[in-house]
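K.L.:
Fold the following for me, if possible:
(chains A and B)
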Amino acid sequence: MTNSAYITTPIYYVNDKPHIGHAYTTTLCDVWARAMRFAGRDVFFLTGTDEHGVKVEKSAMARGISPQQLADENSAEFRRVLALFGLSNDHFIRTTDPDHKRQVQAFIKRLLEKGHIYLGTFEGWYDEGQEEYHTETRAKELDYKSPISGRPLTRAKEDNYYFRLSAFQAQLEKLFAERPDFVRPEGRRNEVLGRLRDGLQDVPVTRTNFTWGIPMPDAPGHVIYVWIDALLNYITALGLADEKSPRAKYWPATYHVVGKEILWFHAVIWPAMLMALDLKLPECVYAHSFWISEGQKMSKTLGNFIDLPTIERYHATYSLDAWRWYMITQGPLEATDADFSAKHFHEMYTAELVNTFANCASRTSAMIGKYFEGALPADGGGEVTNRNWSAICHEHVRQTILHYERFELRQAAMTALALVREVDAFINETQPFKLAKDPANVQTLGTILYRCSEALRIASCLLWPIMPSKVEEFWRCYGVTCNPTKDRLADLATWGHLKPGTRIEKCALFMRVEAPAATPTKG
RNA sequence: GCCGAUGUAGCUCAGCUGGUUUAGAGCGCUGGAUUCAUAACCCGGAGGUCGGCGGUUCGAGUCCGCCCAUCGGCACCA
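P.N.:
As a prediction, the model looks like this:
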């Protein structure tokens, strides 16, 4: 494994309003990026906006502004919103960046020269009002009439450039056979394999029915199709079209994290393009599923997306880190959708964050305050209930880091939290609050509380990628000096870093919140 | 329609290649114990014909078939 690592979100379409989907994908990547930096890897975390295409052109026209103006506004809105989620992306790419456009043209030229792109003719059923084509089956369904205007579809023809996707059938099959982890989770991989078996058709790479896009080199009237433009962002951001780029070392991507709806582009078209360009393939395309809301599918037509104001209410009530915790531990990372429910959110918040992490930090710090006047006691050595803390921590650290690496973020969270539960169990077994009644026990009492604090400190390091601000608050209470951008998790997570005598303050991380009303989301 | 799943306690799910038991975990609910802690931690309890039917087998949530139900992919959407 190389030391550099590269993780990407899809670039977000500026014609959309930011919602839970954008927040979720980006948060997943953020947690992984933070964990890997903390683990000592040189991480490049990329997100951005996709700004071309007919939809943007139309929306802009409807508002009487230029497409560029619309893109500028909405891209800025995405940047503003993403900042609300405490994200640590290293770069924000825009497909309207001159540097991106220049490189896209260079890559397309390369593909043309190598014969992977050719000029062909497209003929199909055209809806003149909507300026779009329908497939043969769709046209038949529509009875060859426009679904909007009701006017008959016309038979139309246009010259388009095509990418010879069909030529990569065998290579793609080989890729999927040799690298079972190329597409994850497994259920998604099977879907792609199924479609792959049906055979591949060449895909258009240019359009002539709109102008808001990157011009096809030497082909007036042709604009590069938004999908091709968008996919290339992953390598233009690294400057891969240029001879020497300082970021080139990050390629290939460790993870392209995408929503399941755009898996095909990333799992098939994108690798084929990279093969055609003689570039290395990403290690993994990870396709998560969707959030549904209170048992109901979210859709544009229903307009019931968990939108920004809703998300902001959760931040205000429970804190940003609690939101991140819910995203990571309850989100649709596997092949099935996950339900976002106010009740469930509240229950998990209370059970895991208030009653477990915060409570354990609170009771430990309280006892140190009460019995040792807030100064961390020393470990007096010796066995207490036969519990080998150093080994227990080592094992939890090892497993948590492994889970983070593999993008098993929920398991990483659960393993880290399990260490906190170990501390609770230890307190219940040893009952320091009873030992405290007899001054003769002071050394054992100190030993117990030192070990609780130290194990909590290690657990907190493991939790940091998910809940950075709350963990930093914990560190302030427990006198921990830690810099996750410089320090190595594996070093910090070894036993015995806390110094006896350190001031420990009473720690209250997650406040108890009143249960939400029965129907909470609309507001 | 075509392909693919899934169906186990109120909820979310573990149960790998069939034979450790009276089928488990977390959350929720409920009884108790306790007080270091944010009425938290701890112990106990209730509750499931493991979707239905049939088959293979000495023996099946665990394999096979059929049926029912739910969901996903095949068109834009994180």
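
K.L.:
Can you give me the separation between the residue of chain A most remote from its centre and RNA strand B?
P.N.:
Centroid-distance maximum for chain A: A:Ala440 at 52.6 Å, with C-alpha atoms, centre = their mean. Taking C-beta to the nearest atom of the strand, to the nearest Å as the measure, A:Ala440 falls 17 Å from RNA strand B. No exception for glycine: its C-beta is placed from N, CA and C like everyone else's.

K.L.:
which SS state does the residue in the stretch 301-450 of chain A that RNA strand B sits nearest to fall under?
P.N.:
Nearest residue of the stretch 301-450 of chain A to RNA strand B (C-beta to the nearest atom of the strand) works out as A:Ala358 at 2.7 Å. Following DSSP: H, G, I helix; E, B strand; the rest coil, the label given to A:Ala358 is helix.

K.L.:
So it sits against A:Lys506, correct?
P.N.:
No: here A:Ala358 does not reach A:Lys506: they are 11.7 Å apart, not a contact under C-beta atoms under 8 Å.

K.L.:
between those two, who's got more neighbours?
P.N.:
Using other C-beta atoms under 10 Å, the more surrounded residue of A:Ala358 and A:Lys506 is A:Ala358, with 21 against 14.

K.L.:
on that earlier part again, the residue farthest from the centre of chain A looks like it's in a helix, true?
P.N.:
Yes: judged by three-state DSSP, A:Ala440 forms part of a helix.

K.L.:
Model confidence at it, what's the number?
P.N.:
Among the per-residue scores, A:Ala440 shows a pLDDT of 90.

K.L.:
Would you mind listing what in the stretch 251-400 of chain A touches RNA strand B?
P.N.:
Residues of the stretch 251-400 of chain A found near RNA strand B (C-beta under 7 Å from any atom of the strand) are A:258-262, A:264, A:288, A:290-291, A:297-300, A:305, A:332, A:335-337, A:339, A:344, A:347-348, A:350-351, A:354-356, A:358-359, A:361-363, A:366-367, A:370.

K.L.:
what does the stretch 401-523 of chain A put close to RNA strand B?
P.N.:
A:421, A:424-425, A:427-428, A:432-433, A:436, A:507-512.

K.L.:
could you pull out the strands for chain A?
P.N.:
A:4-13, A:42-50, A:91-94, A:117-127, A:132-134, A:154-163, A:183-184, A:203-204, A:206-207, A:223-224, A:255-259, A:285-288, A:291-293, A:338-340 (DSSP state E).

K.L.:
Turn those strands into TSV, columns for mean pLDDT.
P.N.:
What follows is those, written out as TSV (pLDDT from 0 to 100):
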stretch	mean pLDDT
strand A:4-13	94
strand A:42-50	95
strand A:91-94	96
strand A:117-127	81
strand A:132-134	70
strand A:154-163	83
strand A:183-184	89
strand A:203-204	88
strand A:206-207	87
strand A:223-224	92
strand A:255-259	93
strand A:285-288	91
strand A:291-293	84
strand A:338-340	85
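
K.L.:
Tell me which of these sits most buried.
P.N.:
strand A:285-288 (a mean of 26; mean count of other C-beta atoms under 10 Å).

K.L.:
Parallel or antiparallel, list what pairs with that one.
P.N.:
Here strand A:285-288 has these sheet partners by DSSP bridges: strand A:183-184 (parallel), strand A:255-259 (parallel).

K.L.:
Show me the beta-bridge partners of whichever residue of the stretch 151-300 of chain A sits closest to RNA strand B.
P.N.:
In the stretch 151-300 of chain A, the residue that lies nearest RNA strand B is A:Gly259 (2.4 Å; C-beta to the nearest atom of the strand). Under DSSP bridges, the beta-bridge partners of A:Gly259 are A:His288.

K.L.:
mind listing what's buried in stretch A:229-248?
P.N.:
The neighbour-count check on stretch A:229-248 (16 or more other C-beta atoms under 10 Å) flags A:229-241, A:245, A:247 as buried.

K.L.:
near RNA strand B at all, that stretch?
P.N.:
No: Stretch A:229-248 stays clear of RNA strand B (C-beta under 7 Å from any atom of the strand), getting no nearer than 8.4 Å.

K.L.:
Endpoint to endpoint, that stretch covers what distance?
P.N.:
One end of stretch A:229-248 sits 19 Å from the other (C-alpha to C-alpha, to the nearest Å).

K.L.:
List the contacts of it.
P.N.:
The contact list for stretch A:229-248 (C-beta atoms under 8 Å, 6 or more residues apart in numbering) reads A:6, A:8, A:10-11, A:44, A:46, A:48, A:50, A:52, A:91, A:93, A:95, A:99-100, A:102-104, A:106-107, A:213-214, A:250-251, A:253, A:256, A:265-266, A:269-270, A:273, A:279, A:282.

K.L.:
quick one: contacts for the residue of the stretch 301-450 of chain A closest to RNA strand B?
P.N.:
A:507-510.

K.L.:
how many neighbours does the nearest residue to A:Trp495 once chain neighbours are set aside have?
P.N.:
Spatial nearest neighbour of A:Trp495, excluding adjacent residues (C-beta to C-beta, 6 or more residues apart in numbering): A:Ser390 at 4.1 Å. Here the count is done by other C-beta under 10 Å, and A:Ser390 has 14 residues near it.

K.L.:
Quick one: low-confidence residue ranges for the stretch 251-400 of chain A.
P.N.:
A:299-304 (pLDDT under 70).
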